[in-house]
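Chemist: Need the 3D shape of this:
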Amino acid sequence: MNREFLKELGLNDEQIEATMKEHGKAIQAAKPAEDYEELKNTNATLEQQLSDLQNTLNTQKEELSSIDDLKKEVETYKLKDLKTSIAIQAGIPLDLAGRLSGETEEEIKADAEKIAGFVNKKQPLPLKPTEPQQLDEKEQAYANIIENLS
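Modeler: A predicted model of the protein is given here:
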């Protein structure tokens, strides 16, 4: 907008001056604020802080995940240790300790008692053969000596 344009519209000098003054105010209001650079820097700083916080949050999520994995692993080892100690108490061979089932101590003990019933059964020794063995005289003499020793 310029003065010649306003004169062509038929405005007098006072009206042109008032119009130009208002137009100047509007242009000044539309110009960026003097603290624009400061706001821009603050925005960049805040964006950097947000990025840092997001990275920290992701790192902490990964750490929490690894902590949960470690907790599960510790629980597994505790359960294995419990099964081993119960197997020892029940007189079950340690090779069978891993086969004990249950999640609580009572459940594992009940299972250990069942297994111990099968494992710890006393089986009678086989009877001594009653039929005569056919050995030659030397071997028979040695067999008699060994038999007399026991």
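
Chemist: what about this protein, any weak spots by pLDDT?
Modeler: The model of the chain has pLDDT under 70 over residues 1, 31-34, 123, 126, 132-133, 150.

Chemist: what about the helices in it?
Modeler: Assigned by DSSP state H, the helices in the chain fall at 3-8, 13-30, 36-90, 105-119, 137-149.

Chemist: separation between D136 and Q49?
Modeler: Going from D136 to Q49 by CB to CB, to the nearest Å gives 100 Å. The way it works is simple: take the backbone N, C-alpha and C, and place the C-beta from them, glycine included.

Chemist: ditto for Y77
Modeler: Separation of Y77 from Q49 (CB to CB): 42 Å.

Chemist: Next: N55.
Modeler: Look at N55 and Q49: by CB to CB, they are 11 Å apart.

Chemist: Tell me which residues touch the closest residue in space to E113 that isn't next to it in sequence, please.
Modeler: Excluding its sequence neighbours, the residue lying closest to E113 (CB to CB, 6 or more residues apart in numbering) is A90, at 6.4 Å. Going by CB atoms under 8 Å, 6 or more residues apart in numbering, A90 touches K109, A112, E113, I115, A116.

Chemist: now with 7 Å?
Modeler: A112, E113, A116 (CB atoms under 7 Å, 6 or more residues apart in numbering).

Chemist: if we can go back for a sec, D136 and Q49: who's more crowded?
Modeler: The residue with more neighbours, out of D136 and Q49, is Q49; 10 against 7, by other CB atoms under 10 Å.

Chemist: how much space between the more buried one and K61?
Modeler: Separation of Q49 from K61 (CB to CB) stands at 19 Å.

Chemist: and if you look at A141?
Modeler: In this view, A141 and K61 are 83 Å apart by CB to CB.

Chemist: And for E107?
Modeler: As for E107, its distance to K61 is 35 Å (criterion: CB to CB).

Chemist: ok, now D68?
Modeler: Counting by CB to CB, the gap from D68 to K61 is 11 Å.
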